[in-house]
Structures are given as C-alpha cells and as structure tokens.
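*Asks:* Okay, here's the prediction I keep looking at, along with the sequence it came from:
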Amino acid sequence: MIRMILAVLVRMMLVVIALAAGPVAHAGALQPPEGRKIRVAVVMTEGAVVIDYAGPWEVFENVHTGAGDMAQQMPFELYTVGRDRQPIHTSGGTKPGMTVVPDYGFADAPVPDVVVVGAQSGDEQLGPWLRKVHAQHALIMSVCTGAFRVAEAGLLDGKPATTHHAALQRLANHYPHIDVRSSVRYVESDPLIVTAGGLSSGIDSALHVVELYYGAQVAQATADYMEYQGQGWKTNAGAGEPKQVLPTIPLAYRDHETVWQGTFLPDYPKPKPEMPVVLHLALVDGQYRGTLDAPTESMIGEPLDDVRVDHGSIHFTLASEHGPVDFSGSMTARRISGTVTHGGGSPTPLTLSKAAPSSQAAR
C-alpha cells in the first residue's frame, strides 16, 4: 500500500513539473465526458498480441492531468472486453501466451469512449460490436493488424489507414477501397478512428489520443513518466517516406479477375490439417498479377511474385515465414493443377477450380 502511495506521489510530482504553467482540465480536440472517467475498452480475443494492448493500456493508465482531486487527475477507466468472460490466450510463439479473463463480454460491456483493437484472431461478434460503439461516438484505435478487424467491420472503406509494415500490401489487396498508407506511426482515418502501425506504434497512437483529449503538455508528461523517448506521437514519422500502398490487382481490373478455389495439405514445417486456398489472378497491362488467401493460416491478400502464365502452364512464388512458396503446374479454362514446394519441403499436390461468377463478385 505504501509503495502504491509513493508511486502516485512520484507521478504527481512529475506531472506538476511538466505542467508548471498550470493544470490542464481540457486542452485538446476531444471533449472528455462530464461527471465520469473516459472509458477505454481493450478488445481481447484469442491470439491477442501483448504489446498491442499493454502499450496503450500503460499510456492511458499513467495519464495524470494535474486538475481536480486525485481521482479526477487520473481520467481514464480501463477494462477488457471479449466474446464473454471465458479465458483467452495471447500470442505466444510456439505455445500459448498469457491467459487473460476479459472483464466483460461484447453483450454487457459498458459503452466505451475509446476502443483499443490490437492484433488478434477476432470473433464474429466483434464486427457488429465495433459498428455499434462507433455509431455511439466511441473513438476506435487499432494497433498493428488490428486494422484488419476494423476493416472487417466495414469502418475503413474509403478512408486512409495503416497497419504493420509487413501487412500493408495484404491490407491493400484484401480491402482495395481503403487508402493504405506506409511509413507513418498512425493515421487518423476519420475523426473517431485512429489506425496505428505495428507493435510499439500503439504507444504513439495512444499518446496522440491523450493529446486529443488533454493537449501536448499532458501527453508529454505521460511519456516522461513512462520514460518513453519515442517522438512518433508528435512527428508521426515512420522508417521511410510516407506513400500510398496500391493493391496488387488495381480496382479497375477487379471485374476481370478470375478466382480459383481448392484445398491444400501442407507438410512443412510439420503436417497440418487440410486448409482452404483461394487464388486471385488478373491480367494487368499485359502482365499477370495475383494474390493468395489461406484464412486458416492468417494469409489474406498475400501478393504473388513472378506470376507466369504461358501456353497452358502457370508458375508463381510468394514469400512466407517458413521460406518461399513455389507453385508450378498446368492451367485450363476451368482448372489449375500442379505442385507446391514450401520452404524446402517435398512437393505437395494442389488443384484449384475456377469459381462461379457469383463467388468472384463476392470479394
């Protein structure tokens, strides 16, 4: 108890120093609610990436405005929300990570003011819940590939957005109506949606949200207390020159793409259950381009490299975390058949059938 009191006192001293010009009740673009704290709901479904939720959590937990009594000076109330109150496991590499029990389910969670959506598997209830709380004027903040969960809810169509740098092309391919941006720490997709890049970008975007509520002084005081030296929340500068990421198959060619469906039995790095595969191909300016979906492997809109279609044969490659994937085979008007070599493994047969026009239009 004494340690907790000392920690609060130290925090107050740091904030008093940072806010020497005087306490700040509200100095940002967003208006805190009257009579209660700002509610921050952190979405937790299976496979949640720890830093994606822990980084923003620490930011909001450590905000201290220097205005009012002690309770008022710590203006954010945080809680976790999942499908229900059953335990979920965070990402953990080759084994389950941390076990987290959500405070609320989507059905009974308090109406939030801010929602944090990090990288995670998602849930069929998540999209409708995000649409509902966004309509209730909650600010939605995605981190890393959490942008895919927000995109699935239909909240990013026609808007700028970003995600982890390794997933930018996939986001552009699978959601071609999103204006995908690279080399930024975060993007204000609309007045109530902020999409952040990968991992530590969530800290910068959370500090940016603090700035929107309470101004730069409070945000800087929070960063100082956390001993966070990153400047991305102020500069929004990424690793390179910001640019737009265009879909592998441009929108103008989507009406002419062909969709091929089948199943694949991977054996590398170890045997796995049969998984569905969807191949998208289109002839763009005389050159074939394509993307691959393998939803059970979290591969959505994966761009193909070196696509060659010639005299009834087809070849393409794509990169994966287990090494390059190489496909060679034959192609007719209705069927693609050949073998896949994955990361040095043995050739594995793969047959794809052309989807009906209605299936192609569904994308």
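*Replies:* Yep, that arrived. Numbering: from 1, shown residues only.

*Asks:* Show the contacting residues for Gly202.
*Replies:* Counting by C-beta atoms under 8 Å, 6 or more residues apart in numbering, Gly202 makes contact with Ile51, Asp52, Tyr53, Gly55, Pro56, Val116, Gly118, Met141, Val143, Cys144, Ala196. Where you see a C-beta, it was placed from the backbone N, CA and C, and this is true even at glycine.

*Asks:* quick one: it is in a strand?
*Replies:* No - counting by DSSP: H, G, I helix; E, B strand; the rest coil, Gly202 is not found in a strand; it is helix.

*Asks:* if we can go back for a sec, farthest pair within the contacts of Gly202?
*Replies:* Greatest spatial distance in these: Ile51 and Met141, 14.2 Å, computed using C-beta to C-beta.

*Asks:* isn't Met279 right up against Ser353?
*Replies:* Actually, residue 279 is Leu rather than Met. No - with contact defined as C-beta atoms under 8 Å, Leu279 does not reach Ser353; the gap is 10.4 Å.

*Asks:* Looking at those two, which is more packed in?
*Replies:* Applying other C-beta atoms under 10 Å to Leu279 and Ser353 shows that Leu279 carries more neighbours, namely 23 against 13.

*Asks:* so what's that one bridging to?
*Replies:* Trp260, Leu292 (DSSP bridges).

*Asks:* one step back: show me which of Ile51 and Met141 is the more surrounded one.
*Replies:* Shown here are Ile51 and Met141; by other C-beta under 10 Å, Met141 has more neighbours (27 against 21).

*Asks:* residues in contact with the nearest residue to that one once chain neighbours are set aside?
*Replies:* Distances taken as C-beta to C-beta, 6 or more residues apart in numbering put Val194 closest to Met141, at 4.7 Å, once the chain neighbours are dropped. By C-beta under 8 Å, 6+ apart, the contact set of Val194 is Leu139, Ile140, Met141, Ser142, Tyr186, Val187, Glu188, Ser205, His208, Val209.

*Asks:* Just read off the phi/psi values of Val194.
*Replies:* Note on Val194: backbone dihedrals following degrees, to the nearest 10 are phi -120, psi 120.

*Asks:* and what of Lys234?
*Replies:* According to degrees, to the nearest 10, Lys234 has phi -100, psi -40.

*Asks:* Would you agree it is in contact with Ala223?
*Replies:* No - using C-beta under 8 Å, Lys234 is not in contact with Ala223; the gap is 9.1 Å.

*Asks:* The two: who's more crowded?
*Replies:* A direct count of neighbours by other C-beta under 10 Å for Lys234 and Ala223 places Ala223 higher, at 22 against 16.

*Asks:* show me what contacts the more buried one?
*Replies:* By C-beta under 8 Å, 6+ apart, Ala223 lies in contact with Leu207, Gln229, Gly230, Trp233.

*Asks:* Give me the secondary structure label for the first one.
*Replies:* Leu207 falls in the helix class when you classify it by three-state DSSP.

*Asks:* Not counting its neighbours along the chain, what's nearest it?
*Replies:* In space, Leu207 is closest to Trp233, 3.7 Å off (C-beta to C-beta, 6+ apart).

*Asks:* if we can go back for a sec, any chance of the contacts of Gly202 in JSON lines, plus pLDDT, distance to Ser328 and secondary structure?
*Replies:* JSON lines is the format used below for these (pLDDT from 0 to 100; distance: C-beta to C-beta, whole Å; DSSP: H, G, I helix; E, B strand; the rest coil):
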{"residue": "Ile51", "pLDDT": "96", "distance to Ser328": "40", "secondary structure": "helix"}
{"residue": "Asp52", "pLDDT": "98", "distance to Ser328": "38", "secondary structure": "helix"}
{"residue": "Tyr53", "pLDDT": "98", "distance to Ser328": "42", "secondary structure": "helix"}
{"residue": "Gly55", "pLDDT": "98", "distance to Ser328": "44", "secondary structure": "helix"}
{"residue": "Pro56", "pLDDT": "99", "distance to Ser328": "45", "secondary structure": "helix"}
{"residue": "Val116", "pLDDT": "99", "distance to Ser328": "44", "secondary structure": "strand"}
{"residue": "Gly118", "pLDDT": "98", "distance to Ser328": "38", "secondary structure": "coil"}
{"residue": "Met141", "pLDDT": "99", "distance to Ser328": "44", "secondary structure": "strand"}
{"residue": "Val143", "pLDDT": "98", "distance to Ser328": "39", "secondary structure": "coil"}
{"residue": "Cys144", "pLDDT": "97", "distance to Ser328": "34", "secondary structure": "coil"}
{"residue": "Ala196", "pLDDT": "98", "distance to Ser328": "39", "secondary structure": "strand"}
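
*Asks:* Against His177, how distant is Pro266?
*Replies:* 31 Å (C-beta to C-beta, to the nearest Å).

*Asks:* Those two: who's more crowded?
*Replies:* Pro266 (23 against 13).

*Asks:* Check for me that that one belongs to a strand.
*Replies:* No - read with three-state DSSP, Pro266 is coil and lies in no strand.

*Asks:* Which pLDDT value goes with the closest residue to it other than its chain neighbours?
*Replies:* Leaving aside its chain neighbours, Pro266 sits nearest to Lys272 (4.8 Å; criterion: C-beta to C-beta, 6+ apart). Note on Lys272: pLDDT of 73.

*Asks:* cool, and Val24?
*Replies:* For Val24, the model assigns a pLDDT of 48.

*Asks:* Could you tell me the end-to-end distance of stretch 161-170?
*Replies:* With C-alpha to C-alpha, to the nearest Å as the measure, stretch 161-170 spans 13 Å from end to end.

*Asks:* No further queries at this time; thank you.
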